[in-house]
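>>> Prediction below, plus the sequence it came from.
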Amino acid sequence: MGAVRLRTLTPRDPVWRLKPFVDVAWSINARDPAWVPPLRRSLYALLRHTHPFHRHAEVVYFLAERDGEAVGRVAALINHRHNEFHGERIGFFGFFESVPDPAVAGALLDAAAAWARERGATALRGPMNFSTNEECGLLVEGFARPPMLLMPHNPPYYARLLEDQGFAKCKDLVAYLLERGEVPAALERGAELALRRHRVRLRTLDLRRFREEVRRIQEVYNAAWQRNWGFVPLTNEEIEHLAKELRPIADPELCLFVERDDETIGFALALPNLNEALAHLRDGRLLPLGLPKLLWYRRRIRGMRLITLGFKPGFQHQGLGPLVYLQIYRTGVAKGYTHAEASWVLEDNWEMHRAIERIGGRVDKVYRIYERPL
């Protein structure tokens, strides 16, 4: 068996040079029935320098090769907005893939660590693809069920590879499964009481005023999560890019705004689980055959993912969370959805855990953020 060699790539490299970096995910995961291939076009859009994230970050990619074959990959990055916002000097890694060989994983992670250390980082944290606003975390519990939309998946042995390289748990992220069933009558009454007591109203997304609605989401999101672990405010360019990506699959009835006295004080967003359709595009390509498959299977989606729920400071901790969860749950049931995932939730966000558990949620998956001092 030959030595492991690393090839360095950058976000400014053309697609043809980045292709082996993308392809290695297929060579490692293709036989895993729970793995959902990403859309290649979306992945290239994220990796290349034209994505808004790269305007406030330094990023490099390492591709591991042995005997002429790609056997692993990792991205190393400095997210300047994160470090400025949190007053830290953290380097991050993401897009980690490796065959079950400590030599490969070690070469990749050591390269990422050395690169981050040269730029003043005191620790290496991840996986982040590229931040908490995108896919993040390493799956450590719940491997049988395929991931929901915009959630990661990996082989079980990845945790051991990281831990053997000196990485330890930094934070766990929890995914809850909710299956269709009866809502407790007491919860129904409590939700109606909260609606009247706080003088709030719920309304759905208005696609005719989409840009205005996106700005409202950005305003609430950046205010509501500002004290959360790992949070980085979304820039105007990032929210516009994200909205452009999600609009084709968004269901206006599953995006709720919470308003009081004409002020948007909170919002919640759930999306149809497009992964149920993407799972049938094994090569990750829309053309020539992928798009017809995607459109066909999209009509048969039965799951949804509740991605985010938050309220502006001053309106938090007032019992409004269960009210919004309940309304989305009712809407989902009426539209024929049979199950939902609420993800992700920080392991120590006890208020959110209680809100989800009150409507029947149970822990289904756990994702872990790791860290290693430099």
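Alright, I've got the coordinates. Predicted model only: the values in this text are computed from it and were never measured. Numbering: from 1, shown residues only.
>>> what about the helices in the protein?
For the chain, the helices defined by DSSP state H occupy 15-29, 40-47, 80-86, 102-118, 158-164, 185-197, 210-224, 236-246, 275-278, 290-298, 320-334, 350-358.
>>> Adding distance to residue 9, write those out as TSV.
For glycine as for every other residue, the C-beta is placed from the backbone atoms N, C-alpha and C. Listed next are the helices of the chain as TSV, based on distance: least, CB to CB, whole Å:
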stretch	distance to residue 9
helix 15-29	6
helix 40-47	9
helix 80-86	21
helix 102-118	12
helix 158-164	21
helix 185-197	51
helix 210-224	31
helix 236-246	22
helix 275-278	25
helix 290-298	25
helix 320-334	41
helix 350-358	38
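>>> For residue 60, find the nearest of those.
Comparing those against residue 60 with CB to CB, the closest turns out to be helix 102-118 (5.8 Å).
>>> mean confidence for that closest one?
In this model, helix 102-118 has an average pLDDT of 98.
>>> for stretch 218-232, same thing?
Here the average pLDDT along stretch 218-232 is 91.
>>> what would the helices of the chain look like in JSON lines with mean neighbour count?
Shown next, in JSON lines, are these (neighbours: other CB atoms under 10 Å):
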{"stretch": "helix 15-29", "mean neighbour count": "17"}
{"stretch": "helix 40-47", "mean neighbour count": "18"}
{"stretch": "helix 80-86", "mean neighbour count": "16"}
{"stretch": "helix 102-118", "mean neighbour count": "20"}
{"stretch": "helix 158-164", "mean neighbour count": "18"}
{"stretch": "helix 185-197", "mean neighbour count": "13"}
{"stretch": "helix 210-224", "mean neighbour count": "17"}
{"stretch": "helix 236-246", "mean neighbour count": "16"}
{"stretch": "helix 275-278", "mean neighbour count": "20"}
{"stretch": "helix 290-298", "mean neighbour count": "14"}
{"stretch": "helix 320-334", "mean neighbour count": "21"}
{"stretch": "helix 350-358", "mean neighbour count": "16"}
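>>> Select from the ones you listed the stretch with the lowest mean pLDDT.
Taking the mean pLDDT of the helices of the chain, helix 185-197 comes last: a mean of 68.
>>> neighbours of the closest residue to residue 265 other than its chain neighbours, just the number please.
Spatially, and ignoring its direct neighbours in sequence, residue 265 is nearest to residue 315 (4.5 Å; CB to CB, 6 or more residues apart in numbering). Residue 315 is flanked by 19 other residues according to other CB atoms under 10 Å.
>>> who does the residue most central in space within the chain bridge with?
By CA atoms, centre = their mean, the chain has its centre lying nearest to residue 135, at 3.1 Å. Taking DSSP bridges as the rule, residue 135 bridges to residue 129.
>>> That one and residue 96, how far apart?
11 Å (CB to CB, to the nearest Å).
>>> And for residue 174?
Distance from residue 174 to residue 96, by CB to CB: 21 Å.
>>> next one: residue 228
Distance of residue 228 to residue 96, given as CB to CB: 24 Å.
>>> Looking at the two, which is more packed in?
More neighbours surround residue 96 than the other of residue 228 and residue 96, with 24 against 12 (other CB under 10 Å).
>>> domain assignment for the protein?
Domain segmentation of the chain under automatic domain parsing yields 5-173, 178-367.
>>> what about the last one, start to end distance?
Separation of the first and last residues of domain 178-367 by CA to CA, to the nearest Å is 18 Å.
>>> In TSV: the domains of the chain, plus distance to residue 374.
As requested, the domains of the chain are arranged in TSV below (distance: least, CB to CB, whole Å):
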stretch	distance to residue 374
domain 5-173	5
domain 178-367	18
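>>> so who does residue 366 touch?
Residue 366 makes contact with 139, 140, 141, 142, 172, 173, 174, 175, according to CB atoms under 8 Å, 6 or more residues apart in numbering.
>>> Let me know whether the residue nearest to residue 265 touches residue 264 as I believe.
No. The criterion here is CB atoms under 8 Å, and residue 315 misses it with residue 264 at 10.2 Å.
>>> joint contacts of the two?
Counting by CB under 8 Å, 6+ apart, the contacts common to residue 315 and residue 264 are residue 258.
>>> circling back: mind checking the domains of the chain for the one nearest to residue 373?
Residue 373 lies closest to domain 5-173 among these, at 5.2 Å (CB to CB).
>>> now the end-to-end length of that closest one.
End-to-end span of domain 5-173 (CA to CA): 33 Å.
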